[in-house]
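K.L.:
please work out how this folds:
(one chain, ligands or ions: 1)
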Amino acid sequence: VSWFATYAWLPDGLARDVLITAAGDRFTSVTAGSEPGDATRLPGVVLPGFANGHSHAFHRALRGRTQGGRGSFWSWRYAMYAVAAQLTPDSYLTLATAVYAEMAAAGMTSVGEFHYLHHGPDGTPYDDPNAMAEALREAARLAGLRVTLLDTCYLHGGLSADGYQPLAGPQVRFGDAGVEGWAARVEQLADSSGFAVGAAAHSTRALTPGELRAVAAFAAERPLHVHLSEQPGENAAMSQAHGQTPTEVLAGAGFWRETATAVHATHLTTADIGILAAARATACFCPTTERDLADGIGPARALADAGVTVSLGSDQQAVTDMFEEARGLEMHERLISNERGRFTTSQLMAATTEHASIGWPDAGRIEPGARADLVAVRLDSLRTAGAEPSQVLYAATAADIATVIIDGSVVVTDGVHRLGDVGEMLAAAITPLWPTC
Ligand SMILES: [Zn+2]
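P.N.:
The predicted model follows:
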């Protein structure tokens with residue numbers, strides 16, 4: 001198979017007249033300054049596949065339903081629980097297929113699914129205790145993108161002055177019978193083509209230090225993720241209970257390592273940044289979520305300067321657009337620093353294509369041997385017309401993506417996913433979850 005791009009983003013930056021060949025799911029050659037020959041011409045500027053480092057697929061049902069009016073992260077969480085309470089393996093397959101198809105159409109070729117919707121609504125396991133995870137596996141296969149299931153251990157409903165609280169109400173389906181029960185269930189999940197099993201601890205609010213240690217030990221070499229210091233309340237609870245920051249509590253549990261990712265990393269101390277850097281960990285920023293939930297702006301530049309890898313995620317799916325996440329990373333820095341160009345275009349592209357932290361280190365670069373993922377972005381849309389191809393990241397939206405190729409397969413053509421009308425699929429999956437009014 002061969003494709004020809006007038007402009008393509010290669011490891012050294014933007015190149016002209018690039019002939020790209022692939023065999024199966026891998027690139028075999030990438031040659032700039034070529035003639036198109038009989039290769040398939042891709043429109044606009046061709047970028048590597050995007051990595052969505054942090055997703056909760058079912059949160060897509062909350063978009064445009066929870067954002068009006070006041071409220072906080074905590075009131076949003078109640079609405080999220082109400083949606084979670086209704087989902088079954090069948091309805092989750094329908095919803096997640098549409099959500100992953102939307103992500104593929106937005107150029108995302110891998111996604112890290114932070115999965116905690118494990119059991120029936122009253123906490124009783126399904127006949128297959130991994131029925132919800134299997135729904136996600138099937139959804140990924142249908143939608144045509146790679147999913148890393150970051151199977152999440154979630155054992156407590158929070159930490160108050162009385163200690164760690166039991167899961168209650170809608171939260172009971174997130175739990176397992178201790179870390180042992182969680183690990184036994186995760187061990188029954190096998191990797192398959194385009195589907196990898198990783199691990200996650202929900203947060204320092206949801207697991208005791210001893211439980212965090214057990215999760216980290218079980219994870220071994222797998223990708224290991226955790227929500228970290230998203231809200232000041234989490235820091236206050238850890239300070240009161242343990243006299244430490246959440247980052248320090250996790251450090252004491254042996255959590256930090258090169259395969260670990262801190263999601264959000266919003267309210268960090270200088271010492272916390274040093275801990276993450278020493279471990280060579282990744283920080284996954286979710287700018288459109290963090291601003292929607294009024295979390296705050298995390299120290300992205302300081303983390304990167306210290307040597308922490310920065311990735312990006314769509315998290316609660318208020319927006320499914322990696323251009324918007326990349327711009328959010330840079331623009332939030334501009335607002336708090338009064339400086340432009342806090343991240344270079346190459347650094348923003350690296351964050352947008354950071355597949356290693358979700359277990360696909362061979363993706364995200366257009367070079368021989370890498371996974372054959374391509375995202376062609378139109379340069380003639382209302383948004384991108386007139387833009388320099390090297391700066392398309394600052395102009396484009398997901399709606400400007402014409403072609404998406406994942407592992408050598410064409411998944412999106414002329415902006416249309418191979419499953420058809422994804423908007424219709426989303427509406428059909430989401431509308432029944434909300435009472436009519
Ligand atoms: Zn999250």
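K.L.:
now the helices for the stretch 151-300 of the chain?
P.N.:
With DSSP state H, counting those that start in this stretch, the ranges of helices along the stretch 151-300 of the chain come out as 178-187, 209-219, 232-242, 246-252, 270-278, 287-292, 300-306.
K.L.:
now the second one and helix 178-187, what's the angle there?
P.N.:
Right, helix 209-219. Inter-element angle recorded for helix 209-219 and helix 178-187: 20 degrees (by axes from the mean of the first three to the mean of the last three CA atoms, to 10 degrees).
K.L.:
just put the helices of the stretch 151-300 of the chain in CSV and tack on distance to Val111, mean neighbour count and mean pLDDT.
P.N.:
The C-beta positions use only the backbone N, C-alpha and C, and glycine is treated the same way. Formatted as CSV, the helices of the stretch 151-300 of the chain follow (distance: least, CB to CB, whole Å; neighbours: other CB atoms under 10 Å; pLDDT from 0 to 100):
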stretch, distance to Val111, mean neighbour count, mean pLDDT
helix 178-187, 18, 17, 98
helix 209-219, 19, 19, 98
helix 232-242, 25, 17, 96
helix 246-252, 24, 22, 98
helix 270-278, 23, 18, 98
helix 287-292, 14, 22, 95
helix 300-306, 21, 18, 98
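K.L.:
now those as a markdown table including distance to Phe114?
P.N.:
Listed next are the helices of the stretch 151-300 of the chain as a markdown table, based on distance: least, CB to CB, whole Å:
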| stretch | distance to Phe114 |
| --- | --- |
| helix 178-187 | 14 |
| helix 209-219 | 13 |
| helix 232-242 | 16 |
| helix 246-252 | 16 |
| helix 270-278 | 18 |
| helix 287-292 | 12 |
| helix 300-306 | 20 |
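K.L.:
what's the closest of those to Val1?
P.N.:
For the helices of the stretch 151-300 of the chain, distance to Val1 was read as CB to CB. The smallest value, 34.2 Å, belongs to helix 287-292.
K.L.:
what is that closest one packed up against?
P.N.:
Helix 287-292 sits against helix 322-337, with contacts defined as 3 or more CB pairs under 8 Å, 6 or more residues apart in numbering; DSSP states H and E.
K.L.:
re earlier: among the helices of the stretch 151-300 of the chain, which is nearest Gly71?
P.N.:
With CB to CB as the criterion, Gly71 lies closest to helix 287-292 of the helices of the stretch 151-300 of the chain, at 10.8 Å.
K.L.:
who's in contact with that closest one?
P.N.:
By CB atoms under 8 Å, 6 or more residues apart in numbering, the surrounding residues in contact with helix 287-292 are 67, 230, 264, 266, 295-298, 312-316, 318-319, 321, 324-325, 328-329, 332.
K.L.:
so what's Ile358 up against?
P.N.:
51, 53, 110-112, 148, 150, 198, 223, 261, 311.
K.L.:
whoops, Pro36 was the one
P.N.:
4, 17, 19.
K.L.:
got CSV for these, with neighbour count, pLDDT and secondary structure too?
P.N.:
CSV is the format used below for the contacts of Pro36 (neighbours: other CB atoms under 10 Å; pLDDT from 0 to 100; DSSP: H, G, I helix; E, B strand; the rest coil):
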residue, neighbour count, pLDDT, secondary structure
Phe4, 19, 98, strand
Asp17, 15, 98, strand
Leu19, 19, 98, strand
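K.L.:
which members of the contacts of helix 287-292 are classed as buried?
P.N.:
Applying 16 or more other CB atoms under 10 Å to those, the neighbour count classes 230, 264, 266, 295-298, 312-316, 318-319, 321, 324-325, 328-329, 332 as buried.
K.L.:
quick revisit: Ala428: which of the helices of the stretch 151-300 of the chain is closest?
P.N.:
Closest to Ala428 of the helices of the stretch 151-300 of the chain is helix 287-292 (CB to CB; 24.4 Å).
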